[in-house]
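> Sequence plus the predicted model coming up.
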Amino acid sequence: MHKYILRRLLLLIPVMFGVSFVVFTIMFFTPGDPAKILLGERAPEAEVQALRTQMGLDDPYLVQFGRFIFNALRGDLGRSLTTRRPAAQELWARFPATLQLAAAGVLVAVLMGIPIGIISATKQYSLFDGFSMVLALIGVSMPNFWQGIMMVLLFSIVLRWFPSSGYGTFRHLIMPALTIGTSSAATITRMTRSSMLEVVRQDYIRTARAKGLSERVVINRHALKNALIPIVTVIGLQFGYLLGGAVLTETIFSWPGVGRLMVDAIRQRDYTVVQGGVLLLALTFSIVNLLVDILYAYIDPRIKAQYK
Amino acid sequence: MKTEADNMVAPTGEQAPNTRKSRSQWAEVWRRLRRNRMAMLGLVIILIIFFTAIFAEVIAPYDYRTQNLMRVADPPSREHLLGTDDLGRDILSRIIFGARVSLQVGFVAVSISLIVGGTLGALAGYYGGNLDNVVMRFMDVLLAIPSILLAIAIVSAFGGGLINVMIAVGIATIPVYARIVKASVISIKEQEFVEAARAVGARDSRIIIKHILPNSLAPIIVQGTLGVAIAILSAAGLSFIGLGIEPPTPEWGAMLSSGRHLIRRAPHVATFPGIAIMITIFALNLLGDGLRDALDPRLKQ
């Protein structure tokens, strides 16, 4: 098991190297001169050229990429082109807010999705099942930025229950978490239902029922445990979706996370921060996927046995 | 001469039973799909949206560019059924013209990822070995970046606009199609009819295009349908943060974004474009689910 975890950790290195390569390349071929952005459009040409030399912007592509990787490994993602502070420092300061939002979103999704999915599966074709499946389909179809705006309209402007923006207290977290988590909740509901329906058809469930076990034990102990593997996969993938969705949700609620920082950075053509932000979120996503894979082994002893 | 000979051979040769069989197979899929009321509802809605997009000039009550600064952010009324936006433009007309943009983005983006991802996946699956390794490791790298972030990075580097949004959204979902196509190519390439084609000396390209791809269409069609929905949502999201399609082109996400600041005074400006997006995505999801059940009857019992 430890060997497996170690191997997966080592595999992170080439993937992150590849991600850095892709992101660096996209930003490298971006029109626009970082030296000019730093100094302003009206700076004298000689000054711009001096800064270009100093920043190494005239070096060949591969030299620049090598330097970027070397610096990134030491936690240096370059300087923000607008604030001139280290980009890593700016991103790191905003990172907890994004993690908090994404985690709250996953929590919303799991707490809503799994129970509703189980009930739907155990009462297939009932009124509850039909109703929750239509709701789940609407949940998947709703653009989350629109949902966020509608929630602000209803809960902040009309009912005055929650603040429309801001950060810090639990009351500030509720609407952003619901906004970011709804579509994942819907996806998890659908996945749980279909996975449970698949499992309850298996022979060992019939055996469990034949032994005279109560329906509750059959569902909770025998069916759910086996249905959980595809559900956990979906939860892991949803986390990545949530990290991406954070960009939109943070914009709506003025949530001080990495996503909003990146949107502001894009508007100001601060490519260093955009580049660093994509890297940070991709690394987080990869680590979460690694954790999910390790979690499998604990849920499913068959997988664990493979990596002994 | 040659075409004539082909025509002569076709009805009696090996071609005929083959086409008849595949036609009845698709007829069977269509029959199953038709019985699924939710899927048919989705299909009808999508056809209506298509119709709206094609005949936008005829259907829309106003031009989507006409501004009326005397009637800024008016609520719905008899003249403007869905009200007017921050520049006094008719929202209904803009939503109707916006259907054109959204459908274009959705289908072109999916075509891009399907063509590139499908080709890569087919080659990786068919040849295996080093090619497979290189291609799929690169796909792993792209998959490690949440797709909307990758699209944001591409658009922020190369600028917004319809074409760039299509390309960005398309590139971001390439790995999904590469994986699906690769998986089905692997499951098919060892089967006897492929062996037979190889034995009669068919070239690799012919085997892949003529024999393997038609047999792996089912998962591609399902993912493609759902993919159009995802592409439309992503494009609207990009426009919402100001990275997508530029004004005055009516794009649902951009319309929503411009209505956001009016949410207290004129909530209808942000509400209606969102409903348009939701109905479109809802219909595509219904159809995609229905296609999945119709194409793979084993899943539904």
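That came through, no problem.
> Now for B:V44, how many residues are close by?
With neighbours defined by other Cβ atoms under 10 Å in any protein chain shown, the count for B:V44 comes to 13. Using the backbone N, CA and C atoms, a C-beta is placed for each residue, glycine as well.
> how many neighbours does residue 174 have?
Assuming you mean chain A. 17.
> hm, I was asking about chain B
25.
> same deal with the one 10 residues further on?
Counted with other Cβ under 10 Å, the neighbours of B:S184 add up to 21.
> got the buried residues for the helix or strand it falls within?
Element membership of B:S184 [criterion: DSSP states H and E] is helix B:174-189. Residues of helix B:174-189 classed as buried: B:174-182, B:184-186, B:188-189 (neighbour count, 16 or more other Cβ atoms under 10 Å in any protein chain shown).
> likewise stretch A:124-142?
Under 16+ other Cβ under 10 Å, the buried positions of stretch A:124-142 are A:D129, A:S132, A:M133, A:A136, A:L137, A:I138, A:G139, A:V140, A:S141, A:M142.
> Need phi/psi at A:D76.
Per-residue torsions, A:D76: phi -110, psi 110 (degrees, to the nearest 10).
> Please read the previous query as pertaining to B:D90.
According to degrees, to the nearest 10, B:D90 has phi -70, psi 120.
> So what pairs up with it in the strands?
B:T84 (DSSP bridges).
> From chain A, how far off is the residue nearest in space to the middle of chain B?
Centroid check for chain B by Cα atoms, centre = their mean gives B:V228 as the closest residue, at 2.5 Å. Distance, B:V228 to chain A, using Cβ to the nearest Cβ, to the nearest Å: 12 Å.
> remind me which residues of chain B are low pLDDT?
B:1-23, B:297-301 (pLDDT under 70).
> So the residue nearest to the centre of chain B is in contact with B:F107, correct?
Yes - the pair B:V228 / B:F107 is scored as a contact, 6.0 Å apart, by Cβ atoms under 8 Å.
> ok, back up a step: so the nearest residue to the residue nearest to the centre of chain B once chain neighbours are set aside is in which element?
Among residues not flanking B:V228 along the chain, B:G106 sits closest, at 4.0 Å (Cβ to Cβ, 6 or more residues apart in numbering or on different chains). Secondary structure assignment for B:G106, by DSSP H and E: helix B:91-127.
> Check the offset of that helix from the chain's centre.
Offset of helix B:91-127 from its chain centre (Cα atoms, centre = their mean, to the nearest Å): 4 Å.
> Helix B:174-189 and that one, what's the angle between them?
40 degrees (axes from the mean of the first three to the mean of the last three Cα atoms, to 10 degrees).
> Of all the residues in the helix or strand just after helix B:91-127, which ones are buried?
Next helix or strand after helix B:91-127 toward the C-terminus (DSSP H and E): helix B:129-143. By neighbour count on 16+ other Cβ under 10 Å, the buried set for helix B:129-143 is B:D132, B:V135, B:M136, B:F138, B:M139, B:D140, B:V141, B:L142, B:L143.
> what does stretch A:87-98 give?
Neighbour-count burial for stretch A:87-98, with 16+ other Cβ under 10 Å as criterion, is recorded at A:A87, A:A88, A:E90, A:L91, A:R94, A:F95, A:A97, A:T98.
> Let me know the closest of these to A:I69.
A:A88 (14.0 Å; Cβ to Cβ).
> Please identify the helix or strand for the residue of the stretch 201-301 of chain B found nearest chain A.
Nearest residue of the stretch 201-301 of chain B to chain A, counting by Cβ to the nearest Cβ: B:G274, 3.3 Å away. Take DSSP H and E as the rule and B:G274 turns out to sit in helix B:268-295.
> could you say what helices and strands that helix packs with?
helix A:127-141, helix A:144-151, helix B:15-35, helix B:37-54, helix B:91-127, helix B:217-240, helix B:252-260 (3 or more Cβ pairs under 8 Å, 6 or more residues apart in numbering or on different chains; DSSP states H and E).
> quick one: contacts of the helix or strand just after the helix holding B:S184?
Using DSSP H and E, the next helix or strand after helix B:174-189 towards the C-terminus is helix B:192-199. The contact list for helix B:192-199 (Cβ atoms under 8 Å, 6 or more residues apart in numbering or on different chains) reads B:I188, B:R206, B:I207, B:K210, B:H211, B:I212.
> still on that earlier bit, which one of the buried residues of stretch A:87-98 is nearest A:I13?
The nearest one, if we look at the buried residues of stretch A:87-98 relative to A:I13 and count by Cβ to Cβ, is A:A88, at 18.8 Å.
> Over to B:D63. Which of the three states is it?
coil (DSSP: H, G, I helix; E, B strand; the rest coil).
> In contact with the residue of chain A most remote from its centre, which residues?
Distance from the C-alpha centroid of chain A peaks at A:A46, with 43.6 Å (Cα atoms, centre = their mean). Residues near A:A46 by Cβ under 8 Å, 6+ apart: none.
> State the helix or strand in which it lies.
helix A:45-55.
> Run a quick check on B:I232 versus B:A99, I expect a contact.
No - at 10.2 Å, B:I232 and B:A99 do not qualify as touching, with contact defined as Cβ under 8 Å.
> where do the contact lists of those two overlap?
With Cβ under 8 Å, 6+ apart, B:I232 and B:A99 have common neighbours B:T280.
> Compare neighbour counts for these two and give me the winner.
B:I232 (27 against 22).
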